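J.: here's a sequence, model it:
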Amino acid sequence: MTFSSLKEGDAVPEFCLAGPDSEKICLKDFKGKWLVLYFYPKDNTAGCKQEAVDFTAAKEEFEKNGAVILGVSKDTVASHQKFIEKAGLTITLLADSDLTAIKAFDVWHLKKFMGKESMGIVRTTFLINPAGKIAKVWNNVRVKGHADAVLEELKNQK
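T.: Sure thing, here's the model as predicted:
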C-alpha cells in the first residue's frame, strides 16, 4: 500500500489551483477554517462520482461544523464543470493538471490496475485545522462511508 508521507501535525503545503470558473483558489484563502481536502483519481468514474456525491450530500453538515470541502484531481476545469453538472455536485473541485498540489501532498504514486502499472492519484483525504496543520489523514480511501467518517472526525476534533 502506498501512503502520503504527510502526517498528522504537519504544516500543509501552500498551493493555488484553478477553481470551477478558472479563478485561482489558494490554501491561504481558508486560513482560520477547517478544510477537507480530498484527492481523487478521475472525474466521472464510479468511485470518484460516489465520493463527490457523498461529500455534496454532507456539505451542509460540514459547513455547520465550520469546514469547507475541496476536491482535487488532475482533470481540467472543463472536465470538472461537466462532472459537477452531470453529478449535481455543490462542492468545489480544483484542477491540478500540472500536479503541483498532488505532488506536494505526496498522493502521486505507482498504481497497479488489472495487472498494469501506471502513475496516478492514490485516493487520499486530509482534514486540515484552522491553523493550517493536518489534523487527520486517510490514505488509500475506500469510498463507502468515507464522507461520514470524515464528518465524524471533524466533530471529534472541534
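J.: tell me the SS of Pro41?
T.: Pro41 carries the three-state label coil when classified by DSSP: H, G, I helix; E, B strand; the rest coil.
J.: wait, what's in contact with the nearest residue to it once chain neighbours are set aside?
T.: Residue nearest to Pro41 in three dimensions, not counting chain neighbours: Ile121, with 4.7 Å by C-beta to C-beta, 6 or more residues apart in numbering. Bear in mind the C-beta positions are built from the backbone N, C-alpha and C, glycine included. Ile121 is in contact with Phe39, Tyr40, Pro41, Ser73, Lys74, Ile102, Val107, Trp108, counting by C-beta atoms under 8 Å, 6 or more residues apart in numbering.
J.: so who does the third one touch?
T.: Contact analysis of Pro41 by C-beta under 8 Å, 6+ apart lists Gly47, Cys48, Ser73, Gly120, Ile121, Arg123.
J.: pull the helix or strand with minimum mean pLDDT from the protein.
T.: Between all helices and strands in the chain, the lowest mean by mean pLDDT, DSSP states H and E belongs to strand 108-113, at a mean of 85.
J.: that one pairs with which strands, parallel or anti?
T.: The pairing partners recorded for strand 108-113 under DSSP bridges are strand 116-121 (antiparallel).
J.: now do the strand it pairs with, average pLDDT.
T.: Strand 116-121 shows a mean pLDDT of 89.
J.: buried sites along it?
T.: If you call a residue buried by 16 or more other C-beta atoms under 10 Å, then strand 116-121 has these buried ones: Gly120, Ile121.
J.: next SSE after it?
T.: The helix or strand immediately downstream of strand 116-121 is strand 124-128, counting by DSSP states H and E.
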